[in-house]
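*Asks:* structure for this input, please:
(one chain, ligands or ions: 1)
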Amino acid sequence: MTIRFTTAAAFFALATAPALAQSAWDMPTPYGDSVFHTQNIMTFADDVREGTGGSVDITVHSAGSLFAHGQIKDSVRRGLAPIGEILMSQLVNENPVFGADSIPFLAASYDDASALWDASREDVAEALADQGLTLLFAVPWPGQSLYLREAVTDPAQLQGVSFRAYNNATERMAQLLDMVPTQVEAGDIPTAFSTGRIAGMITSPSTGVSSQAWDYTTHYIDTQAWLPKNMVFVNSSALEALSDEEQAAILAAAEAAEARGWDMSAAETADKIAALEAGGMTVMQPSDALSEKLAEVGEVMVSEWLETAGDAGAAILTRYQGE
Ligand code: PCA
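*Replies:* Numbers count the residues shown, from 1 in each chain. Prediction:
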């Protein structure tokens with residue numbers, strides 16, 4: 001009898017105590033499972049589970065499977081999901097600070113991208129905090145390069161090309177190069193090429209590989225023009241509802257995820273360019289004429305961004321250039 005009672009009591013304690021403290025969090029993310037951002041987030045979720053003794057259990061719903069990319073931020077703001085990931089520059093219409101990382105040649109190396117992030121992070125965190133969101137971490141994609149169907153050396157060859165855009169800046173860049181932009185999510189790239197909606201794009205070697213760019217384009221032109229970031233944020237009320245220890249574990253996992261993600265991004269640049277070549281693409285450096293034209297476009301876009309971003313934008317550039 002005693003043994004049975006003890007067993008039952010132990011079972012009762014095991015079954016109920018962790019369940020009371022358990023937070024099961026669904027996390028919508030936009031990109032597929034093979035993408036390093038998603039893999040980094042899976043490790044972040046593991047770290048959170050470990051750091052909280054299993055009491056915060058994050059399930060990652062990748063590739064827009066829970067909410068489409070364009071709905072993730074509002075879903076987290078409204079508490080439909082407690083945590084999520086998006087491309088930061090997707091929010092540039094709300095606040096220009098979200099677009100600082102998507103201007104051609106403003107910050108085209110990892111060192112420069114990191115300095116720009118240091119100079120803009122507070123503004124991004126504040127803009128999110130105004131909406132009840134807490135910034136956890138941000139990680140850049142590798143440099144953005146051109147995927148085309150011919151060896152473009154003269155910028156005039158770009159005129160009229162149907163070109164994939166993934167944010168305002170890529171759309172504006174296409175316009176300034178006399179191309180015809182159309183917005184396409186990363187997961188829809190193969191269909192957009194195969195149905196003729198697009199004939200070229202600018203994106204990282206990572207997305208080039210995950211979308212099998214060699215099936216639709218022949219030339220990779222290694223411009224590495226900017227490093228746009230994905231960011232992960234949490235609904236502030238959901239975060240504050242956790243214990244202090246749980247919150248600290250999440251913040252520690254986020255800090256580790258940011259450092260790990262930047263390393264993963266840098267490490268994959270060369271690997272994925274090699275994979276594009278192995279897939280059959282011709283890898284070229286931009287001609288002087290193309291580089292000059294892209295630099296010109298970058299200058300126009302910096303001044304346009306400064307016009308919309310006002311004093312906050314000017315302060316970001318001053319901090320960035322002072323670093
Ligand atoms: N991949 C994402 C954003 C930038 C990148 O490298 C995309 O192409 O949608």
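
*Asks:* OK, contacts around the closest residue to the ligand within the stretch 151-300 of the chain?
*Replies:* Proximity to the ligand, evaluated over the stretch 151-300 of the chain using C-beta to the nearest ligand atom, is greatest for S204 at 3.1 Å. C-betas here are computed from N, CA, C, even on glycine. If you count contacts by C-beta atoms under 8 Å, 6 or more residues apart in numbering, S204 has them with W141, P142, G143, Q144, S145, T269, K272.

*Asks:* and those residues, which is closest to the ligand?
*Replies:* When the contacts of S204 are compared against the ligand (criterion: C-beta to the nearest ligand atom), the nearest one is W141, at 3.5 Å.

*Asks:* quick one, helices of the stretch 201-323 of the chain?
*Replies:* 205-210, 236-240, 244-278, 288-322 (DSSP state H, counting those that start in this stretch).

*Asks:* which one of these has the most crowded surroundings?
*Replies:* helix 205-210 (a mean of 23; mean count of other C-beta atoms under 10 Å).

*Asks:* confidence score at the residue positioned nearest the centre of the chain?
*Replies:* Nearest to the mean C-alpha position of the chain, by C-alpha atoms, centre = their mean, lies N230 at 2.1 Å. With respect to pLDDT, N230 scores 99.

*Asks:* any idea how far it lies from S265?
*Replies:* N230 sits 10 Å away from S265, going by C-beta to C-beta, to the nearest Å.

*Asks:* and the pLDDT for P18?
*Replies:* 46.

*Asks:* picking up where we left off before, dump the contacts of S204 to CSV, plus pLDDT and secondary structure.
*Replies:* Putting those into CSV (pLDDT from 0 to 100; DSSP: H, G, I helix; E, B strand; the rest coil) gives the following:
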residue, pLDDT, secondary structure
W141, 98, coil
P142, 98, coil
G143, 98, coil
Q144, 98, coil
S145, 98, strand
T269, 96, helix
K272, 98, helix
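
*Asks:* can you redo the residues you listed as CSV with distance to Q247?
*Replies:* CSV is the format used below for those (distance: C-beta to C-beta, whole Å):
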residue, distance to Q247
W141, 29
P142, 32
G143, 35
Q144, 35
S145, 39
T269, 34
K272, 35
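
*Asks:* pull the most distant pair out of those.
*Replies:* Using C-beta to C-beta, the pair of the contacts of S204 lying farthest apart is Q144 and K272, separated by 12.6 Å.

*Asks:* in a strand, P104, correct?
*Replies:* No. Under the criterion used here (DSSP: H, G, I helix; E, B strand; the rest coil), P104 is coil, not part of a strand.

*Asks:* neighbours of it, how many?
*Replies:* Using other C-beta atoms under 10 Å, the number of residues around P104 comes to 25.

*Asks:* can you tell me the closest non-neighbouring residue to it?
*Replies:* G298 (3.7 Å; C-beta to C-beta, 6 or more residues apart in numbering).

*Asks:* am I right that that neighbour is in contact with F105?
*Replies:* Yes. At 3.9 Å, G298 counts as touching F105 under the criterion of C-beta atoms under 8 Å.

*Asks:* which residues are common contacts for those two?
*Replies:* Joint contacts of G298 and F105 (C-beta under 8 Å, 6+ apart) are A225.

*Asks:* now the strands for the protein?
*Replies:* 23-28, 56-61, 83-87, 133-140, 145-148, 162-165, 180-183, 200-203, 219-221, 229-235, 282-284 (DSSP state E).

*Asks:* nearest to F36, out of the ones you listed?
*Replies:* Using C-beta to C-beta, those put strand 133-140 closest to F36, at 8.4 Å.

*Asks:* can you pull the buried residues of that closest one?
*Replies:* For strand 133-140, the buried set under the neighbour-count rule, 16 or more other C-beta atoms under 10 Å, comprises L133, T134, L135, L136, F137, A138, V139, P140.

*Asks:* can these go into a markdown table with extra columns for distance to A119 and pLDDT?
*Replies:* Conversion of the buried residues of strand 133-140 to a markdown table gives the following (distance: C-beta to C-beta, whole Å; pLDDT from 0 to 100):
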| residue | distance to A119 | pLDDT |
| --- | --- | --- |
| L133 | 21 | 99 |
| T134 | 20 | 99 |
| L135 | 15 | 99 |
| L136 | 19 | 99 |
| F137 | 17 | 99 |
| A138 | 13 | 99 |
| V139 | 17 | 99 |
| P140 | 14 | 99 |
